[in-house]
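Engineer: Okay, here's the prediction I keep looking at, along with the sequence it came from:
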Amino acid sequence: MSKSKIFNIKCPSCGVQQDVELHEAVNVEAEPELKKALLENQLNRVDCIDCEASFRVDMPLLYSDPQHDILIHWIPETAELTKEQIIEDFDQSLEQINEMLPVDIVAPSVRLALTRVELVELIFIIEAGLNQRVVEYVKYSIHTRNMEKIDPEKFRLLLNVQDSSEDELCFVIQDVESQALGTVLRYVRAAYQSMVELYDENPEEFLDMFPGPCISARNLLLEDSDEV
């Protein structure tokens with residue numbers, strides 16, 4: 001079930017405040033137009049009543065698509081809420097939910113995204129039937145082999161499912177600061193499929209590298225650099 005609420009929002013351009021309806025949760029099986037709005041960068045977008053500036057309000061959003069068994073919570077980082085705090089709080093919440101459930105009830109699998117672009121990427125990955133942990137392992141490998149050109153401090157790798165083919169997976173480099181998309185990298189799908197087979201035989205290595213609901217090669221690389 002989708003959920004929206006009225007918020008008082010201040011325009012970042014002129015400072016005028018207005019009441020707007022924003023979505024806190026979307027069920028795109030029931031309301032497919034909300035998925036279209038998200039993909040077109042129109043969900044939770046506001047037009048200022050004074051200066052007519054158009055801006056997107058980034059706020060926690062629960063994305064649900066029962067048809068594809070997708071449940072993703074997007075929680076944006078803020079000055080007050082860091083990535084580490086978001087992940088820690090989210091893990092604790094899941095633990096509390098699991099403790100409250102009867103032993104014969106399995107909690108739904110909820111994934112965590114920290115940016116809108118990661119949310120959209122994850123939606124396409126799941127819909128395409130790709131293994132997210134293996135995809136992130138591929139990203140990890142690409143980053144570590146090209147650290148000078150694809151420094152995770154400055155860039156993230158995104159899988160472009162729509163432009164991928166039966167023979168290749170298409171990755172694009174995004175500048176973290178400007179959000180601009182740059183060089184396209186192609187990865188042989190057969191190599192990805194070989195890693196999927198390794199995952200199926202022995203998933204522990206992948207689970208150890210990418211535990212929990214927030215699965216991100218870039219986050220792992222940044223954590224590794226902090227520990228050095």
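Structural biologist: It's in. Numbers count the residues shown, from 1 in each chain.
Engineer: For residue 15, see how far away residue 218 is.
Structural biologist: Distance from residue 218 to residue 15, counting by C-beta to C-beta, to the nearest Å: 34 Å. In this view, the C-beta of every residue, glycine as well, is placed from N, C-alpha and C.
Engineer: Which one's more surrounded, these two?
Structural biologist: The neighbour comparison of residue 218 against residue 15 (other C-beta atoms under 10 Å) goes to residue 218, with 21 against 10.
Engineer: On the three-state scheme, the more buried one is what?
Structural biologist: Following DSSP: H, G, I helix; E, B strand; the rest coil, we place residue 218 in the helix state.
Engineer: Who are the contact partners of it?
Structural biologist: Taking C-beta atoms under 8 Å, 6 or more residues apart in numbering as the criterion, residue 218 is in contact with 139, 143, 152, 156-157.
Engineer: show me where pLDDT drops low in this protein?
Structural biologist: 101, 103, 106-107, 226-228 (pLDDT under 70).
Engineer: And the strands in it, which stretches?
Structural biologist: Secondary structure of the chain (DSSP state E): strands at 3-10, 17-27, 45-47, 54-56, 61-65, 70-74, 111-113, 155-159, 168-175, 181-188.
Engineer: In CSV: those strands, plus distance to residue 213 and mean neighbour count.
Structural biologist: CSV is the format used below for those (distance: least, C-beta to C-beta, whole Å; neighbours: other C-beta atoms under 10 Å):
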stretch, distance to residue 213, mean neighbour count
strand 3-10, 20, 12
strand 17-27, 17, 16
strand 45-47, 27, 15
strand 54-56, 24, 12
strand 61-65, 13, 21
strand 70-74, 8, 20
strand 111-113, 4, 22
strand 155-159, 18, 21
strand 168-175, 22, 18
strand 181-188, 25, 13
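Engineer: And the residue lying farthest from the centre of the chain, how close does it get to residue 18?
Structural biologist: Relative to the C-alpha centroid of the chain, counting by C-alpha atoms, centre = their mean, residue 50 is the outermost residue, at 32.9 Å. Plainly put, residue 50 is 8 Å away from residue 18 if you go by C-beta to C-beta.
Engineer: who touches both of those two?
Structural biologist: Counting by C-beta under 8 Å, 6+ apart, the residues touching both residue 50 and residue 18 are residue 11.
Engineer: before we move on, the earlier item: of the strands of the chain, give the one that comes closest to residue 212.
Structural biologist: Closest approach to residue 212 among these (C-beta to C-beta): strand 111-113, 7.6 Å.
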